[in-house]
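**Student:** Model the following, please.
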Amino acid sequence: MRAPQAVEHMAERSFTGLDGTSWQAWDVVPGQHADWPAHARQHLPEAMSEGWLCFECAGEKRRLHPIPPGWASGSDDDLRAFCRDASPVVRRLPDQPREAAAGVGEHAASV
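**Tutor:** Model prediction:
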């Protein structure tokens, strides 16, 4: 029987954008948690294989990769800068090709 592996806990932060928008930020590391499907990591772009930061507010979600070192202990100004650099996540319908959804997303909030 194998000994259980230590699992690092996901860091999470909240901050406020310059326009007053409340944002949540957290790191996602593929394979870090037992509920991460083993096959899912195979479909990730190589640039995201080591993880990314998620940023989410009421109307928008963004991703930044790679995860900046020390992001969890950085200042709110650091988080706002990372959020500005992050790419918007475009939601698409299950049958919609990625290319068709590429131009749909707009920045809902100013960071």
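
**Student:** Could you pull up the residues touching residue 25?
**Tutor:** Going by CB atoms under 8 Å, 6 or more residues apart in numbering, residue 25 touches 12-15, 53-56, 71, 79, 82-83. In short, each C-beta sits where N, CA and C put it, glycine included.

**Student:** Name the next helix or strand downstream of the lengthiest helix in the chain, please.
**Tutor:** Across the chain, the longest stretch assigned as helix under DSSP state H is helix 76-85. Under the assignment DSSP states H and E, the closest C-terminal helix or strand after helix 76-85 is strand 87-88.

**Student:** Return the list of strands paired to that following strand, each annotated with direction.
**Tutor:** Within its sheet, and counting by DSSP bridges, strand 87-88 is paired with strand 60-64 (antiparallel).

**Student:** Buried ones in the partner strand, by neighbour count?
**Tutor:** 60-62, 64 (16 or more other CB atoms under 10 Å).

**Student:** isn't residue 63 right up against residue 86?
**Tutor:** Yes. Using CB atoms under 8 Å, residue 63 is in contact with residue 86, at 5.7 Å.

**Student:** Need the overlap of contacts for those two.
**Tutor:** Contact with both residue 63 and residue 86 is made by residues 53, 55, according to CB under 8 Å, 6+ apart.

**Student:** Flag the shaky bits of this structure, pLDDT-wise.
**Tutor:** Along the chain, segments meeting pLDDT under 70 span 1-9, 31-45, 47, 92-110.

**Student:** switch to 50 and redo it
**Tutor:** Low-confidence segments of the chain, defined by pLDDT under 50: 1-7, 99-108.
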